[in-house]
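Novice: got a predicted structure here, sequence first:
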Amino acid sequence: MTDLPTDLTRATAAGLADALASGAISSVEVTQAHLDRIVAVDGQVHSYLHVDGAGALAQARSVDDRRRAGETLGALAGVPIAVKDVMTTKGLPTTCGSRILEGWVPPYDATVVTKLRQAGLPILGKTNMDEFAMGSSTEHSAYGPSHNPWDLDRIPGGSGGGSSSVLASFQAPLATGTDTGGSIRQPAAVTATVGTKPTYGGVSRYGLVALASSLDQAGPCGRTVLDTALLHAVMGGHDPMDSTSIDAPVPPVVEAARAADVRGMRIGVVKELGGEGYQPGVRARFDESVALLQELGAEVVEVSCPNFEYALAAYYLILPSEASSNLAKFDAMRYGMRVQPDGVDAPSAEQVMAATRDAGFGPEVKRRIILGTYALSSGYYDAYYGSAQKVRALIAQDFASAYDKVDVLVSPTAPTTAFKLGDKLEDPMAMYLNDIATIPANLAGVPGMSIPSGLADEDGLPAGIQILAPATKDERLYSVGAALEAALVDRWGGPILDRAPELGVAAAAKGA
Amino acid sequence: MTTVATDAVMDYDEAMRKFDPVMGLEVHVELHTATKMFCGCPTEFGAEPNSQVCPVCLGLPGALPVVNEKAVESAIRIGLALNCEIAEWCRFARKNYFYPDMPKNFQTSQYDEPIAFEGHLDVELEDGSTYRVEIERAHMEEDTGKSLHIGGATGRIHGADHSLVDYNRAGIPLIEIVTKPMVGAGERAPEVAKAYVSALRELLRALDVSDVKMEQGSMRCDANVSLRPHVGDPLSEEQLAVPLGTRTETKNVNSLRSVERAVRYEISRHAAILDGGGSILQETRHWHEDTGITTSGRVKSDAEDYRYFPEPDLVPVAPTRETVDALRGTLPEPPGLRRKRLQSDWGYSDLEMRDVVNAGAVELIEETVAAGASAAAARKWWLGEPSRRANAEGQDIVTYAAGLGLTPAHVAELDGLVASGRLNDSMARQVLDGVLAGEGTPTAVADARGLELVQDDGALEAAVDKVIEANPDVAAKIRDGKVAAAGALIGQVMKEMKGQADAGKARELILAKLQ
Ligand SMILES: [Zn+2]
């Protein structure tokens, strides 16, 4: 058992879990420490859209009571968590970063949230995100962007920038995410945290406000590979409420993370991901990581996935198509915002729907609804949605033939380190290119993970390496991730997040 | 207050001389599964508004559908009973359009991959001939909620102050059964339409998959009608070669009688327009039961774009051959064959059987016979007073009898009272009146009203003697062999007995005394 730091917010989830299990600390203490941290730093980072201190403490007390009563509790019982605002939480606002859901309090919990509650994880609050998960920076949140704790003028990634910045600023030891095209992995990469997009169907989608149903996948976010694995085991598993959920046990992710063994594994470097458009510092850290894996006993080969070239184009037809239909339900009739159209005496339902959707959705959401509506229109369906589905099948084939040769694939997670807030806001295409390496996994439904690979020389900002495995073989991500993480931390002489600027100091300085 | 201009219509016979009608019927059937299509909410009709809802059927953010396996089974059974192919693999699709009664603003339906396709249903017409209706497809979907428009004069949205939506119906499993163009029916098109819906209803009832109550909306019919120039016999090659005309779709025609009337009306209306050199507007029409006309609904172009795409929240439906074969084994005897078997069991003539079928009394008679009545008596009683009254009320006999509490067991009991000699025919009619008036079972009514044939031969003999004595002339005729004259005496004996005598027995006694 590792020694716990005096500041409980600097501890790993695994460390906290051990200390809680041994009775060395209480969940109330841990939870309160994080709530204090939120008060101290979230004004600068803006990770949370909603903090539920009373609720979190009540859950913490209940876990402490149950533990004292001798109940057998789950591995993470008492460890607090932040939940992405795309997951419904009974009694807690759920906005998806959108005005249109402002004030909506769901009457039910997402299956993932139910599992968190049953496992005894106090929910600290809901984290910021790009509106309806559309974006790579949180700049499309209707409630303002989150900031990257490494440099507050930079983006924390997106859409799950609230969850990544929560972890990187020690406002929670764990967080949930959802990943439709990279929304867990890219934020992890640019904040030097860890995030996994499980196999499609590995974690229930019930209660996740859908962006693109065939691409969306919820997953765990943490600061270490083992923490992420522990959360993965809690979140995963079959759910009869989700027809696309896989009816099989969660892959042995925790065991794999603990074993951290890559000896004899065949690792493929994807030729198409990492060339032109990739920042040199990102590329350099990636190459070093690959070399380390080789030193650790893995066999590394280059693998070609020729159809990945078309992934972004296919993705930006499939995603808007599904999103245009999924977002149709926000019509002011049953919940959420309702806007009366200007200058209309007795507006019809249709007029109220139009006025509300006009006022309630941000520009990126509108852009994608329009794109999707167009792509599904009769006469265009075959050329757009139909062709995109064919590309999708080809990408799945690329993965299948790659996995004939290797056990896992690797690439840089994102082409660049965190860019400055506002830099790409006016250029959607540049923003979309951020997800070029992460999107293929969503199209094929295979699992992927990002872990920190180091800091880029040119800007001193975090870069990430992505690991991809065949469907249902999520444990391989953790084998590779944990082995590489151990070697890198050893090389760095400690967790990379220790090198991030001290937010508390900055706050104190400002206050003084 | 707006007045609806009444459209010109052409005399039906004249229309038939000039045009050849083609129909297409779309029938929506609500399945009576215990739970909805994609969630666990109950489906009972008539519950408190919005009391049978959950995140799924309210379309709350994050909720996901799960297919009701029972509904899929029902869909497959319906497909098999309609002689359809059953898809080995098919998907649901989203039909996207905005309307407040649609919680998700898309309907989860099926598009180009229906669960059942390419079938037929043979429909028997009034004259005993058969018309084969080709079935294009039967697919699964979910029902919408129900809008209530408050404050308008007509209950329609036009002029209403506000609208309320009841989502209890949202998500109830629906099967939509679509015919291919029904050609060659000629002047019998309206009859064919009605016979098809009727046969379909009979089939669905036999399958026990739906309440098929048109008046409650658990079975709804949309009738497409188009006309093309009449060039020969309806089934002649040259007639069938004429391209189809523009169609109109008359929505929610909610009784068998209305199906026939609405088709007939639309034929006459189209004919008047076409004959006057006009062209038909492709549109939906509303049927008005009270006035027997249709009025214009919304203009419907072929390009109406529902942006269908495969439902990504559901996995494909892929019934195994074994499942389909097992379901095939659960199909009831086809109603047509069943009718033939019952007719032969019951010894009815074709005409008698047709009357029974038209009256909708097949099941009632079957149950009455099972309860011990003779087939002839069962037919006589059901097609008599109850059927007459049901007709007068504009109800079907089953609904009418159920409403009054008249059961097959009652009718069998009544028949038993006649067969045992306790009641004669006219007394039995009085007893039936009592049962229909809610006075109780036949025996109870007979007891209460003191209806019983006098079994005391002494009283009857005394009455016979009295009547013979009072009518010496008639008595003499009978003695001379004019047996027919006995009728006059029987009438008087029955009068003496206040009707409570067995006329047959009275005749026997008179003849015995005078011969
Ligand atoms: Zn429901």
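Specialist: Sure, I can see it.
Novice: low pLDDT regions in the stretch 201-350 of chain B?
Specialist: In the predicted model, the stretch 201-350 of chain B carries pLDDT under 70 at residues B:300-303.
Novice: what about the residue in it positioned nearest to the ion, how many neighbours?
Specialist: Proximity to the ion, evaluated over the stretch 201-350 of chain B using C-beta to the ion, is greatest for B:Asp313 at 14.6 Å. C-beta coordinates here come from the backbone N, C-alpha and C atoms, glycine included. Neighbour count of B:Asp313, defined by other C-beta atoms under 10 Å in any protein chain shown: 22.
Novice: mind checking the SS state of it?
Specialist: Of the three states, B:Asp313 takes coil under DSSP: H, G, I helix; E, B strand; the rest coil.
Novice: which residues sit in contact with residue 136?
Specialist: Just so you know, I chose chain A. The contact partners of A:Ser136, by C-beta atoms under 8 Å, 6 or more residues apart in numbering or on different chains, come to A:Asp130, A:Ile155, A:Gly157, A:Gly158, A:Ser159, A:Gly182, A:Ser183, A:Gln186, A:Met431, A:Tyr432, A:Asn434, A:Asp435.
Novice: wrong one, chain B
Specialist: With contact set as C-beta under 8 Å, 6+ apart, B:Glu136 has these partners: B:Phe117, B:Glu118, B:Val178, B:Thr179, B:Lys180.
Novice: what strand or helix carries B:Ala501?
Specialist: For B:Ala501, there is no host helix or strand (DSSP states H and E).
Novice: my bad, should have said B:His158
Specialist: Assigning secondary structure by DSSP H and E places B:His158 outside every helix and strand.
Novice: how many neighbours does it have?
Specialist: Applying other C-beta under 10 Å, we find 10 other residues in the vicinity of B:His158.
Novice: give me the distance between it and A:Ser348.
Specialist: The gap separating B:His158 from A:Ser348 is 11 Å, by C-beta to C-beta, to the nearest Å.
Novice: kindly report the same for B:Glu366.
Specialist: Separation of B:Glu366 from A:Ser348 (C-beta to C-beta) stands at 52 Å.
Novice: same deal with B:Pro190?
Specialist: Going from B:Pro190 to A:Ser348 by C-beta to C-beta gives 37 Å.
Novice: between those two, which one's more packed in?
Specialist: B:Pro190 (23 against 13).
Novice: got a list of what the more buried one touches?
Specialist: By C-beta under 8 Å, 6+ apart, the neighbours of B:Pro190 are B:Val259, B:Glu260, B:Arg261, B:Val263, B:Arg264, B:Ile267.
Novice: from the residues you listed, pick the one nearest A:Ile100.
Specialist: Distance to A:Ile100, by C-beta to C-beta, is smallest for B:Val259 among the contacts of B:Pro190, at 43.9 Å.
Novice: element containing that closest one?
Specialist: Counting by DSSP H and E, B:Val259 is part of helix B:256-275.
Novice: list the buried ones in that helix?
Specialist: B:256, B:258-274 (16 or more other C-beta atoms under 10 Å in any protein chain shown).
Novice: check stretch B:485-493 too.
Specialist: The neighbour-count check on stretch B:485-493 (16+ other C-beta under 10 Å) flags B:Ala485, B:Ala486, B:Leu489, B:Ile490, B:Gln492, B:Val493 as buried.
Novice: from A:Gly161, how far off is the residue nearest to B:Thr43 when sequence neighbours are not counted?
Specialist: Leaving aside its sequence neighbours, B:Thr43 sits nearest to B:Ile172 (C-beta to C-beta, 6 or more residues apart in numbering or on different chains; 5.2 Å). According to C-beta to C-beta, B:Ile172 stands 42 Å off from A:Gly161.
Novice: torsion angles phi and psi at B:Trp287?
Specialist: phi -90, psi 130 (degrees, to the nearest 10).
Novice: what's across from it in the sheet?
Specialist: For B:Trp287, the beta-bridge partners are B:Thr294 (DSSP bridges).
Novice: centroid residue for chain A?
Specialist: What sits nearest the mean C-alpha location of chain A, by C-alpha atoms, centre = their mean, is A:Ile184, with 2.2 Å.
Novice: typed the wrong thing, it's chain B
Specialist: Closest residue to the average C-alpha location of chain B: B:Ser198 at 5.1 Å, with C-alpha atoms, centre = their mean.
Novice: got the buried residues for the helix or strand containing B:Ser344?
Specialist: Using DSSP H and E, B:Ser344 sits within helix B:335-346. Within helix B:335-346, the residues that qualify as buried by neighbour count (16+ other C-beta under 10 Å) are B:Pro335, B:Gly336, B:Arg339, B:Leu342, B:Gln343, B:Trp346.
Novice: is it true that the last one touches B:Val369?
Specialist: Spelled out, that is B:Trp346. Yes: assessed by C-beta atoms under 8 Å, B:Trp346 is found in contact with B:Val369 at 7.0 Å.
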